[in-house]
Structures are given as C-alpha cells and as structure tokens.
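Enquirer: got a predicted model here, sequence first, then my questions.
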Amino acid sequence: MASYILEGTPKTPSVLFDDSTGRLELKGRSIPENSIEFYKPLIDWIDRYARDPRPSSILHVQLEYFNTSSSKCILDLFKKLELVRGTGNEVTVLWHYEADDEDMLEAGEDYQAIINIPFKMIQIEEVDGK
C-alpha cells in the first residue's frame, strides 16, 4: 500500500496519510466544490489501511475552516478510523485549533462526543500571522 499525499489548495486541505508510520494529517481549509468527490479517495485509503493498520495510528487535524459538507465527510473518515480501533489497534485524533477559534474547538468537541476514538484538543498559536 502506498502513502496518500495531496498538496493543499485555497479550497482543499493538504493530506498526508503515511501507511508506514500510521501518521495521518489534514491541514488547511476544506471548502471544496464537491466534498464527497474530494474525500472519497481519503475514505477509500483508510478502508484499505484498515485491513493492515499500524498498531498505533494518529490523525492530526489542523483545519482553519471547513464547510458543512466537509464536516459530514470528516465524520465519515472518523467512522472508518473507528473500525481500525475496533480491531484492537490504537487510534488517536489530535485536534489542533487556534487559541481564538472557539468554533473550531467546539467542532472538535462535537466530533469527540459522537466518535469512539480518543481525541486530544491541542491549542496552537495563530498561523500565518493572522
């Protein structure tokens, strides 16, 4: 299986899914014109990864903003990771949010409440000097 890497754009996050280390990253903005089309390859990758995952997988989510349709796709991604965890593997979500971004913190807490994966909320300094 190969890692999945995408460069971020103004509308889509950068993606680094490394099957050799179990490190998964989503960073940037997620406002694609078609969220389902954008996230389908990511969800398919996790489906394949779930067949032979690392003993420990960590998903780093560091999104500045995501739209409603992206939020559903991100939930689907978390649900796939629940299956990885359900087979006895360790899965953790590190939810990064800027100190002044209460909406992003609340979004992480909302996911944490409905997904059976340990979440860690990580407050970060503002990026890009905003």
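Expert: Here it is on my side, so go on.

Enquirer: the protein: helices as residue ranges?
Expert: 35-49, 68-86, 102-114 (DSSP state H).

Enquirer: nearest to Gly8, of these?
Expert: Closest of these to Gly8 is helix 35-49, at 11.5 Å (criterion: Cβ to Cβ). Placement of C-beta: from N, CA and C, glycine included.

Enquirer: so which elements touch that closest one?
Expert: Where contact means 3 or more Cβ pairs under 8 Å, 6 or more residues apart in numbering; DSSP states H and E, helix 35-49 is packed against strand 4-6, strand 14-18, helix 68-86.

Enquirer: got the angle between it and strand 14-18?
Expert: 10 degrees (axes from the mean of the first three to the mean of the last three Cα atoms, to 10 degrees).

Enquirer: state the distance from Met39 to Glu90.
Expert: Just so we're on the same page, residue 39 is Tyr rather than Met. Distance from Tyr39 to Glu90, counting by Cβ to Cβ, to the nearest Å: 24 Å.
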